[in-house]
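Peer 1: Show me the folded form of this:
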Amino acid sequence: MAGTLGGSSGGTGVNNGSSTITIAGNLTHSGAFTQSFTATANTAVTLPTSGTLISSVTALSGAVTGTPSSTTYLRGDGTWATISTSSGTVTSVSFTGGIISVATATTTPALTVAGTSGGIVYFSSASTWASSAVLTANAIMIGGGAGVAPSTITTGTGVVTALGVNTGSTGAFVVNGGALGTPSSGTVTNLTGTASININGTVGATTANTGAFTTVSATGVITSTLATGTAPFTVASTTQVANLNSATSGTATNATNVGLSAGTGATNYLTFSASATGNQPLTTNTLLTYNYTNNALTAGINGGTF
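Peer 2: Residues are numbered from 1 along each chain as shown. Model (predicted):
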């Protein structure tokens, strides 16, 4: 066959002169588009079994050098470079959520944390940080709840200090419900009110030595260690106390009434005093007696019996 074979017959439609096309295998083309291959010198290309060729949009400045692998990447200058795991360049930094701002985010990022001096960071929402107002020094902080900043409360003098003292020690709170909450020692300076006071054990010398109680009751023995010579207690009322029994040893200075009983026997001494009125001692005389058995009075002075 002489001449040029047209494309409709499977030819190129171009007179290639002495140039040839050698195909060792089947060539299949799909897609109704025009392809143009330009070679600037003798070129040998080995195609991979699969993949995508780099397009003209990403044309490199020169021939590709190096060996591709799973640990390399193709640089813009046409070289395969090893991926670095220790360094890199950050192109942009941003932060969302409050209190942290980013300056020069695309060159040399600088993170700045902003808040209130003396405040505390808290979550004002599920994803936002914020700073509370200034918290009072040495005060108790309380939570504000969802979306509300924590704050401090004002306490009485010494309250915060007492919180740092172990219970049962000097300066600690006295709590109810347990031996650890009961001070082991101390001095009562003033007790007021109507509440009951239970004192177990011995009341020591540090207990106040003056004061007044409306009512005092006891289920045990009341003991006074006051030395002899001073009355252990003083009673202002002259009303008789029922069921009060006391030892009868000693001598009563004055008595309004005395208990009397019938005499017995032959000798009973008559009593008399030095005055008809007033507080006088009763006296007797061994010679002035009364015989209960026969109602006879004997006066030893005259030696007679009446």
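Peer 1: Please count neighbours and contacts with C-alpha atoms only from this point.
Peer 2: Fine.
Peer 1: pLDDT below threshold where in the stretch 151-300 of the chain?
Peer 2: Along the stretch 151-300 of the chain, the parts satisfying pLDDT under 70 run over 175-213, 247-252.
Peer 1: That one: strands as residue ranges?
Peer 2: For the stretch 151-300 of the chain, the strands defined by DSSP state E, counting those that start in this stretch cover 151-153, 268-272, 283-291, 296-299.
Peer 1: how far does the first one sit from the chain's center?
Peer 2: This means strand 151-153. The chain centre lies 14 Å from the centre of strand 151-153; the measure is CA atoms, centre = their mean, to the nearest Å.
Peer 1: And the last one, by the same measure?
Peer 2: Between the mean C-alpha location of strand 296-299 and the chain-wide mean there is a distance of 95 Å, by CA atoms, centre = their mean.
Peer 1: begin at 773 from here
Peer 2: Okay, using 773 as the starting number, the last item reads as strand 1068-1071.
Peer 1: For it, buried residues please.
Peer 2: 1069-1071 (16 or more other CA atoms under 10 Å).
Peer 1: next one: the first one
Peer 2: Neighbour-count burial for strand 923-925, with 16+ other CA under 10 Å as criterion, is recorded at 923-924.
Peer 1: Over to the second one?
Peer 2: By neighbour count, with 16+ other CA under 10 Å as the criterion, the buried positions of strand 1040-1044 are Tyr1041.
Peer 1: Within the sheet, what are the partner strands of it, with directions?
Peer 2: If you go by DSSP bridges, strand 1040-1044 pairs up with strand 1055-1063 (antiparallel).
Peer 1: follow-up on the earlier one: any chance of TSV for the buried residues of strand 1068-1071, columns distance to Thr863?
Peer 2: Converted to TSV, the buried residues of strand 1068-1071 look like this (distance: CA to CA, whole Å):
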residue	distance to Thr863
Leu1069	140
Thr1070	141
Ala1071	142
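Peer 1: Show me what stretch 1030-1047 is in contact with.
Peer 2: Residues outside stretch 1030-1047 that contact it (CA atoms under 8 Å, 6 or more residues apart in numbering) are 1052-1058, 1060-1066.
Peer 1: Buried ones from these, can you make that a PyMOL selection?
Peer 2: The buried residues among those can be selected in PyMOL (16+ other CA under 10 Å) with this line:
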select buried, resi 1060+1061+1062+1063
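Peer 1: Reformat the contacts of stretch 1030-1047 into CSV and put distance to Gly848 next to each item.
Peer 2: Converted to CSV, the contacts of stretch 1030-1047 look like this (distance: CA to CA, whole Å):
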residue, distance to Gly848
Gln1052, 138
Pro1053, 138
Leu1054, 140
Thr1055, 143
Thr1056, 145
Asn1057, 149
Thr1058, 150
Leu1060, 152
Thr1061, 152
Tyr1062, 152
Asn1063, 153
Tyr1064, 151
Thr1065, 154
Asn1066, 157
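Peer 1: before we move on, the earlier item: and of the strands of the stretch 923-1072 of the chain, who's closest to Ala944?
Peer 2: Closest approach to Ala944 among the strands of the stretch 923-1072 of the chain (CA to CA): strand 923-925, 20.1 Å.
Peer 1: partners of that closest one, with directions?
Peer 2: Strand pairing for strand 923-925, determined by DSSP bridges: strand 912-914 (antiparallel).
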